[in-house]
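# no FASTA, just this:
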């Protein structure tokens, strides 16, 4: 498990006064400000956040140390991370995406399918992107209780029952 969790991303400048566009990856999108200070991926920059208003596909906000449009534009694409200790505890059947990445995936017979490369969400439900030596390409596995009945973080593995024909 990592000590920091990605809770948002900067989409660039919003206006000319140093505000930024932000996407929040938290369950309550406005809660992203509650987990400040946030850092960039390597932890070299730290930001306090003030959300100013909802906008299409996210929020506009102010970051500490960002005063100009040019500074805001330079942060486009930066992912924002919060300390795990500041985030709420999750129920037993919910997981932070960062905790799933890197877990080995086994089928119900105990055969290794591959490793979780990424957790994707395109609107309907989460998908686990699985890569492995025995796979021709990466496989997108629906992250539902029916397809993924067991997630064992302490053992570092997932047990999956993929739909017929998904994995060849």
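Received, thanks. As the structure is a computational prediction, the values presented were derived from the model and not from experiment.
# low pLDDT regions in this protein?
For the chain, the stretches with pLDDT under 70 are 1-2, 168.
# tell me the domain ranges of it?
Following automatic domain parsing, one finds the domains of the chain at 4-86, 97-160.
# what's the most buried one of those?
Comparing the domains of the chain by mean neighbour count (mean count of other C-beta atoms under 10 Å), domain 4-86 ranks first with a mean of 17. Just so you know, the C-beta spots here come from the backbone N, C-alpha and C atoms, and that holds for glycine as well.
# Give me the distance from it to the chain's centre.
14 Å (C-alpha atoms, centre = their mean, to the nearest Å).
# Ends of it, what's the gap?
9 Å (C-alpha to C-alpha, to the nearest Å).
# what's the answer for stretch 119-130, then?
Counting by C-alpha to C-alpha, the terminal residues of stretch 119-130 are separated by 9 Å.
# what ranges do the helices span in the protein?
All helices of the chain, identified by DSSP state H, fall at 69-74, 97-100.
# picking that back up, dump the domains of the chain to a markdown table, plus distance to residue 166.
Below are these laid out as a markdown table (distance: least, C-beta to C-beta, whole Å):
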| stretch | distance to residue 166 |
| --- | --- |
| domain 4-86 | 27 |
| domain 97-160 | 6 |
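# Residue 17 and residue 9: what is the separation?
The gap separating residue 17 from residue 9 is 21 Å, by C-beta to C-beta, to the nearest Å.
# Distance-wise, check residue 110 relative to residue 134.
Distance from residue 110 to residue 134, by C-beta to C-beta: 14 Å.
# same deal with residue 49?
Taken as C-beta to C-beta, the span from residue 49 to residue 134 is 44 Å.
# just residue 99 next, same as before
24 Å.
# Same check on residue 6?
Relative to residue 134, and taking C-beta to C-beta, residue 6 is found at 29 Å.
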